[in-house]
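Engineer: sequence first, then the predicted structure, then my questions.
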Amino acid sequence: MNSIINKKVKFQELGTKDYQPTWDYQEELLKKNLDTKIYNRENPDNQKATENFLLFVEHPHVYTLGKSGHEENLLANEAKLKEINATYVKVNRGGDITYHGFGQIVGYPILDLENFYTDIHRYMRDLEEVIIRTIAEYGLKGERSNGETGVWLDVGKPYARKICAMGVKASRWVTIHGFALNVNTDMRYFEYIIPCGITDKQVTSLKRELEQEVDMEDVKTKIKKHFADVFGCELIS
């Protein structure tokens, strides 16, 4: 356990960035924290604080498959991927297949949960809570769907639909990967996958629900505010 608790979270806006270099960057930040933890174990009288980050990024069209996912949930072959200008990456997070693309806010919290609480289940529920509070500001009632991570609308109804996908991985309580909130996303890209392996539910976006373009910067500001509230942290630039 860390003896130095650090509840400051460094916020970084990465802009538009390909999936792989962003993943590599997350791994870099993760490794830095794991190195600090090893150092602290070996130097109990001279401990250093681990660092927390919240990264925002927009990825060019990409399909990512989690380690427990099924490849058959990608419905596009190589030629189709080329035609729609999308790439395909296998990743080490939990969850099945998902899509990232323009008009979507992807958030990667690199948190040392030992600075907060050591409970992955609670962490996932808190991430969902951040998005639920954010979309409530646009008049949408986000909900949790039993056994299906992420944020949904109209749970339990035939037209239930997912607005935010989530998948995380933790090493020694340090998290990587995160959430993808559909804001002005081109929803046609979801036609080439079975999102998260769930066949009987639709996906949606803020734009689709509100029937108008949504200001991405405004959504980001709201996510940051609710993130700081839910996690009881201070976001610093």
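Structural biologist: Looks like it came in fine.
Engineer: just to be sure, Glu114 is in a strand?
Structural biologist: No. Checked against DSSP: H, G, I helix; E, B strand; the rest coil, Glu114 lies outside a strand; its state is helix.
Engineer: could you give the mean pLDDT of the one helix or strand Glu28 maps to?
Structural biologist: Element membership of Glu28, judged by DSSP states H and E, is helix 19-42. Average pLDDT, helix 19-42: 97.
Engineer: where does this protein have low pLDDT?
Structural biologist: The model of the chain has pLDDT under 70 over residues 1-2, 195-200.
Engineer: for it, which strand is longest?
Structural biologist: For the chain, the strand that runs over the most residues, judged by DSSP state E, is strand 161-171.
Engineer: and it, what's buried?
Structural biologist: Arg161, Lys162, Ile163, Cys164, Ala165, Met166, Gly167, Val168, Lys169, Ala170 (16 or more other C-beta atoms under 10 Å). From N, CA and C alone the C-beta is placed, and that goes for glycine too.
Engineer: repeat for stretch 170-186
Structural biologist: Using 16+ other C-beta under 10 Å as the test for burial, stretch 170-186 gives 170, 173-186.
Engineer: how about stretch 5-18?
Structural biologist: Within stretch 5-18, the residues that qualify as buried are Asn6, Val9, Phe11, counting by 16+ other C-beta under 10 Å.
Engineer: in which helix or strand does the last one reside?
Structural biologist: For Phe11, the enclosing helix or strand under DSSP H and E is strand 8-16.
Engineer: now do that strand: which elements does it pack against?
Structural biologist: Contacts defined by 3 or more C-beta pairs under 8 Å, 6 or more residues apart in numbering; DSSP states H and E place strand 8-16 against strand 52-58, helix 216-231, strand 234-236.
Engineer: swap in 6 Å and give it another go.
Structural biologist: Packing partners of strand 8-16 (3 or more C-beta pairs under 6 Å, 6 or more residues apart in numbering; DSSP states H and E): strand 52-58, strand 234-236.
Engineer: quick one: contacts of the first one?
Structural biologist: Which is strand 52-58. Outside strand 52-58, the residues that touch it by C-beta atoms under 6 Å, 6 or more residues apart in numbering are 9-14, 16-17, 22, 29, 106-111, 220.
Engineer: now it, how far from the centre of its chain.
Structural biologist: Centroid separation for strand 52-58 versus its chain: 9 Å, with C-alpha atoms, centre = their mean, to the nearest Å.
Engineer: residue nearest the centroid of this structure?
Structural biologist: Phe179 (1.7 Å; C-alpha atoms, centre = their mean).
Engineer: now that residue: closest residue in space that isn't a chain neighbour?
Structural biologist: What sits nearest to Phe179 in space, not counting adjacent residues and going by C-beta to C-beta, 6 or more residues apart in numbering, is Met166, at 4.7 Å.
Engineer: sorry, back to before: so which of the buried residues of stretch 170-186 is the closest to Leu74?
Structural biologist: Closest approach to Leu74 among the buried residues of stretch 170-186 (C-beta to C-beta): Ala180, at 16.3 Å.
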